[in-house]
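Undergrad: Model the following, please.
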Amino acid sequence: MYGNESFGRRLRLGSLRRRGGSGLLLVPLDHAVGAGPLRPGADLDTLVAQLAENGADGVVLHKGSVRRIRPNRFRDLSLTVQLNASTAMAADPDAKYPVATVEEALRLGAHAVSVHVNAASRTEATQIAHLARVAEDCDRWSVPLLAMMYVRGPAVRDGRQADLVAHAVAVAAELGADLVKTALPEDPAAAARVVAGAGVPVLAAGGAPVPGPEAVLGRMSAAMRAGAAGVAVGRLVFTADDPAAMLRRLAAVVHDRSSVAVG
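TA: Predicted structure coming up:
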């Protein structure tokens, strides 16, 4: 049933989901390296506590941020440590470079690690090679790997184009990812085809809350109907005036597959 997967890897994969219901709800909080402070003046530990209390299954954090969170928060949350990054100030913001290792993540108590790849970027080769090296380390240490796969680069007009997204997802699956986060096509039928052909569970990326929260919630609801295994949504939550209330709405979509009422 499990092929060559180790017991430890299966155990950690199972621990990512902390709630009942049908989907996995991850809240990435790794944006500060790329774009600056999440909520200027706000306390990260308090935010994580709100996530733990209002329906999140887990969070994605950089290694330094993990140390600012009280360990007891992770009684109710899984921890995924992000292994690469870039900043919006860089000459090429689509480039990604390693900032942590699987071993560091394990020392921090992580249940999984994640790697971001921008397919079609100028540095695609370096990013895919890093993903492959991390996949090998994950095999060695029995750690689940979340691949955050996007289609971004100077020649890309539509990063949600179905055939391009399917190709990016296939790269992750072929190189050993256990889960893939991606920006699914807007068309529900196309999204369903990407998910069905992925070979690994797909999490829908939330993206920027544009044109507004209802639009993002609607996309996540459509993704769940299309067969997504869950969602990975950060900005919708941590930019909200009331992150706890927004997370509860998102949890209803993911865990209960509730429809979104606009307005």
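Undergrad: Bridged to the residue nearest in space to the middle of the chain, which residues?
TA: Per CA atoms, centre = their mean, the C-alpha nearest to the average position across the chain is that of Ala232, at 4.3 Å. Beta bridges link Ala232 to Leu26, Ala205, judged by DSSP bridges.
Undergrad: I'd guessed it sits against Ala205; true?
TA: Yes: contact between Ala232 and Ala205 holds when scored by CB atoms under 8 Å: they sit 5.8 Å apart. Where C-beta positions appear, they are placed from N, C-alpha and C, glycine not excepted.
Undergrad: any common contacting residues for the two?
TA: Listed as contacting both Ala232 and Ala205 by CB atoms under 8 Å, 6 or more residues apart in numbering are Met148, Lys181.
Undergrad: Please report how far Arg152 lies from Ala232.
TA: When CB to CB, to the nearest Å is applied, the distance between Arg152 and Ala232 equals 16 Å.
Undergrad: In stretch 37-48, which residues are buried?
TA: Of the residues in stretch 37-48, those with enough neighbours to count as buried (16 or more other CB atoms under 10 Å) are Leu38, Leu44, Leu47, Val48.
Undergrad: Can you flag which of the residues you listed belong to helices?
TA: Among the buried residues of stretch 37-48, the members found in helices (DSSP state H) are Leu44, Leu47, Val48.
Undergrad: Now do the buried residues in the longest helix seen in the chain.
TA: Counting by DSSP H, the longest helix found in the chain is helix 124-141. Judged by neighbour count (16+ other CB under 10 Å), helix 124-141 contains these buried residues: 124, 126-128, 130-131, 133-135, 137-139, 141.
Undergrad: want to throw these into JSON lines with pLDDT and distance to Asn72?
TA: As requested, those are arranged in JSON lines below (pLDDT from 0 to 100; distance: CB to CB, whole Å):
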{"residue": "Glu124", "pLDDT": "98", "distance to Asn72": "40"}
{"residue": "Thr126", "pLDDT": "98", "distance to Asn72": "38"}
{"residue": "Gln127", "pLDDT": "98", "distance to Asn72": "35"}
{"residue": "Ile128", "pLDDT": "98", "distance to Asn72": "38"}
{"residue": "His130", "pLDDT": "98", "distance to Asn72": "33"}
{"residue": "Leu131", "pLDDT": "98", "distance to Asn72": "33"}
{"residue": "Arg133", "pLDDT": "98", "distance to Asn72": "33"}
{"residue": "Val134", "pLDDT": "98", "distance to Asn72": "29"}
{"residue": "Ala135", "pLDDT": "98", "distance to Asn72": "31"}
{"residue": "Asp137", "pLDDT": "98", "distance to Asn72": "28"}
{"residue": "Cys138", "pLDDT": "98", "distance to Asn72": "27"}
{"residue": "Asp139", "pLDDT": "97", "distance to Asn72": "31"}
{"residue": "Trp141", "pLDDT": "97", "distance to Asn72": "25"}
